[in-house]
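Trainee: pasting the structure only:
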């Protein structure tokens with residue numbers, strides 16, 4: 001008997017995403033399951049601080065507000081809801097959802113998954129293991145209409161419902177891996193439907209619709225969106241999202257290790273991309289644990305330097321500030337960092353375009369050292385520094401910053417529990433078969449493109465990119481749309497070339513991963529983001545735009561490739 005595909009949609013890519021997406025996804029077309037991803041490394045820190053103020057909280061309150069309308073709509077349409085909005089307190093959120101259901105008169109059964117919360121080491125604020133989808137599957141098999149979880153992998157929101165629907169067991173590695181690929185594409189919402197996409201020109205992405213996946217019994221899927229919604233889905237948008245925040249060919253998770261080097265994509269009609277061929281392997285014997293802590297205090301001042309003598313003006317204010325901080329009662333902060341952004345233009349016709357920005361960032365364990373001492377120094381310079389002195393905003397008193405760390409624990413040490421709608425607790429046993437994670441052998445490169453005329457031009461003329469963060473590391477995935485372009489890119493963009501194009505990475509460890517099926521290279525830059533997004537170590541703390549920086553860099557590109565840049569996207 002053939003089992004019908006499972007239509008899983010997503011309505012949230014982060015805590016703070018489009019509020020109306022839940023209603024839109026439930027009313028714009030048919031669904032079986034609606035998911036919401038609310039958690040990220042930074043979110044766990046935010047929820048940890050929220051829980052300090054009120055131990056009954058620690059979950060994403062926006063989700064509860066969205067359900068005031070969404071519960072009734074989902075019940076009318078027979079749609080299950082699965083979300084990780086439980087954050088640090090999934091039991092409390094499940095109780096709040098059940099109470100809301102009684103209040104609005106909607107008879108839904110609510111379950112939750114717990115066990116991700118681990119003992120918090122001294123000095124840390126939160127400690128949570130990344131669970132898989134089998135707890136979600138157990139809740140759905142127990143009859144739940146709404147399942148809320150704490151820290152699960154983003155893809156688990158898809159693998160769990162798919163496993164429950166198709167009856168997959170822990171050893172159905174290929175099917176699970178296929179659903180992981182689909183889940184990874186859906187998890188960031190409209191990034192799969194044209195949002196944050198390199199080749200956005202020529203498409204209407206003013207209000208892209210959220211994505212959905214039609215999951216099949218073998219784990220293959222079609223990524224699409226509701227008819228009539230904005231944005232678009234093509235091989236490029238799906239490729240970009242598959243590369244986002246990943247590393248090598250083995251994409252490890254608690255349920256399965258998906259082989260990204262086996263993924264095959266094909267356009268399956270307008271706004272439809274088929275994902276097939278994904279192979280899976282046994283998961284590693286350990287679970288990733290994310291820990292957050294307060295790292296100290298930081299402050300920031302942005303000075304505006306206008307017109308002539310920009311470099312001299314910057315040097316003057318830096319010297320004045322150094323003297324002022326040395327004279328302060330607390331002394332200079334542990335870390336003082338200056339960055340001059342030359343946004344100015346010569347002979348500019350507006351004051352703003354005649355101005356450069358000099359950014360000061362300070363960090364210290366003492367809030368007063370980055371607070372009063374810094375703001376006082378900035379204010380005192382107002383009438384006695386460079387000509388045209390002003391700042392973008394009044395100096396503040398400083399704010400705490402966070403640090404994210406990843407550790408690993410044996411999977412059997414984590415008690416993964418599904419709490420059904422009737423309160424019954426089911427222990428989810430870890431997979432019996434596991435495999436230690438190892439890098440794959442580097443695949444053979446294609447034949448180089450024959451030598452010919454080149455033109456110095458931005459890499460982005462022929463290549464797309466998507467970049468993001470994983471703790472203190474950044475990943476930059478870059479892909480091309482034709483076989484000839486791949487023959488060139490695979491040989492041209494070595495680690496050495498990459499570091500030459502992005503000098504900030506020159507002193508860091510950079511690892512290149514090759515994904516021929518996607519015509520893509522994935523670079524992992526270790527340590528680019530310091531202690532992670534919450535530490536705000538650099539101008540772009542989540543590395544969101546590093547890929548676009550790389551695309552803007554000039555290098556000699558074969559003229560034959562530039563003549564064929566407007567090509568349909570399709571992978572064999």
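Mentor: In hand now; what should we look at? These numbers come from a predicted model, not from an experiment. Numbers count the residues shown, from 1 in each chain.
Trainee: helix or strand for residue 369, which one?
Mentor: helix 367-370 (DSSP states H and E).
Trainee: show me what secondary structure element comes after that helix.
Mentor: Downstream of helix 367-370, the first helix or strand assigned by DSSP H and E is helix 372-380.
Trainee: now stretch 34-46: average pLDDT?
Mentor: Across stretch 34-46, pLDDT averages out at 92.
Trainee: what about it, distance to the chain center?
Mentor: 10 Å (CA atoms, centre = their mean, to the nearest Å).
Trainee: still on that earlier bit, list the buried residues for the helix holding residue 369?
Mentor: For helix 367-370, a neighbour-count test (16 or more other CB atoms under 10 Å) marks 367, 369, 370 as buried. The C-beta positions use only the backbone N, C-alpha and C, and glycine is treated the same way.
Trainee: who's sitting farthest from the centroid in this structure?
Mentor: Centroid-distance maximum for the chain: residue 384 at 44.2 Å, with CA atoms, centre = their mean.
Trainee: quick one on the thing from earlier: and the helix holding residue 369, average pLDDT?
Mentor: Taken as a whole, helix 367-370 has a mean pLDDT of 93.
Trainee: helices and strands around that helix, which ones?
Mentor: strand 286-306, strand 355-364 (3 or more CB pairs under 8 Å, 6 or more residues apart in numbering; DSSP states H and E).
Trainee: any chance of TSV for those, columns mean pLDDT?
Mentor: Output for the helices and strands packed on helix 367-370, formatted as TSV (pLDDT from 0 to 100):
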stretch	mean pLDDT
strand 286-306	95
strand 355-364	96
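Trainee: and of those, who's closest to residue 479?
Mentor: Distance to residue 479, taken as CB to CB, is lowest for strand 286-306 among these, at 26.2 Å.
Trainee: okay, the angle between that closest one and helix 372-380?
Mentor: 20 degrees (axes from the mean of the first three to the mean of the last three CA atoms, to 10 degrees).
Trainee: buried ones in whichever helix or strand comes after strand 286-306, by neighbour count?
Mentor: For strand 286-306, the succeeding helix or strand toward the C-terminus, using DSSP H and E, is helix 310-327. Using 16+ other CB under 10 Å as the test for burial, helix 310-327 gives 310, 313, 314, 316, 317, 318, 320, 321, 324, 325.
Trainee: so the fourth one touches residue 386, yeah?
Mentor: Meaning residue 316. Yes: contact criterion CB atoms under 8 Å: residue 316 and residue 386 qualify, at 5.1 Å.
Trainee: now do the phi/psi pair for residue 126.
Mentor: The phi/psi pair for residue 126 (degrees, to the nearest 10) reads phi -140, psi 160.
Trainee: now the helices and strands packed on helix 367-370 in CSV, with mean neighbour count and distance to residue 118?
Mentor: Shown next, in CSV, are these (neighbours: other CB atoms under 10 Å; distance: least, CB to CB, whole Å):
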stretch, mean neighbour count, distance to residue 118
strand 286-306, 21, 6
strand 355-364, 20, 28
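Trainee: could these go into TSV alongside distance to residue 137?
Mentor: Listed next are these as TSV, based on distance: least, CB to CB, whole Å:
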stretch	distance to residue 137
strand 286-306	17
strand 355-364	44
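Trainee: please name whichever of those is nearest to residue 537.
Mentor: Of the helices and strands packed on helix 367-370, nearest to residue 537 by CB to CB is strand 355-364, at 8.6 Å.
Trainee: against which helices or strands is the closest one packed?
Mentor: Applying 3+ CB pairs under 8 Å, 6+ apart, one finds that strand 355-364 contacts strand 286-306, helix 310-327, strand 335-341, helix 367-370.
Trainee: the closest residue to residue 2 other than its chain neighbours: what secondary structure?
Mentor: In space, and not counting its chain neighbours, residue 2 is closest to residue 217: 7.7 Å by CB to CB, 6 or more residues apart in numbering. For residue 217, the assignment made with DSSP: H, G, I helix; E, B strand; the rest coil gives coil.
Trainee: okay, now residue 217: neighbour count?
Mentor: Neighbourhood size, residue 217 [other CB atoms under 10 Å]: 16.
Trainee: thinking again about what came up before, surely the residue farthest from the centre of the chain is within a helix?
Mentor: No: assigned with three-state DSSP, residue 384 falls outside any helix and is coil.
Trainee: what's the pLDDT at the residue nearest to it when sequence neighbours are not counted?
Mentor: Once flanking residues are discounted, residue 384 sits nearest to residue 320: 7.9 Å by CB to CB, 6+ apart. Predicted confidence (pLDDT) for residue 320: 96.
Trainee: repeat that for the one 4 residues further on.
Mentor: With respect to pLDDT, residue 324 has a value of 92.
Trainee: same deal with residue 76?
Mentor: 97.
Trainee: cool, and residue 527?
Mentor: You'll see residue 527 listed with a pLDDT of 94.
Trainee: ok, it - contacts?
Mentor: Going by CB atoms under 8 Å, 6 or more residues apart in numbering, residue 527 touches 472, 473, 508, 509.
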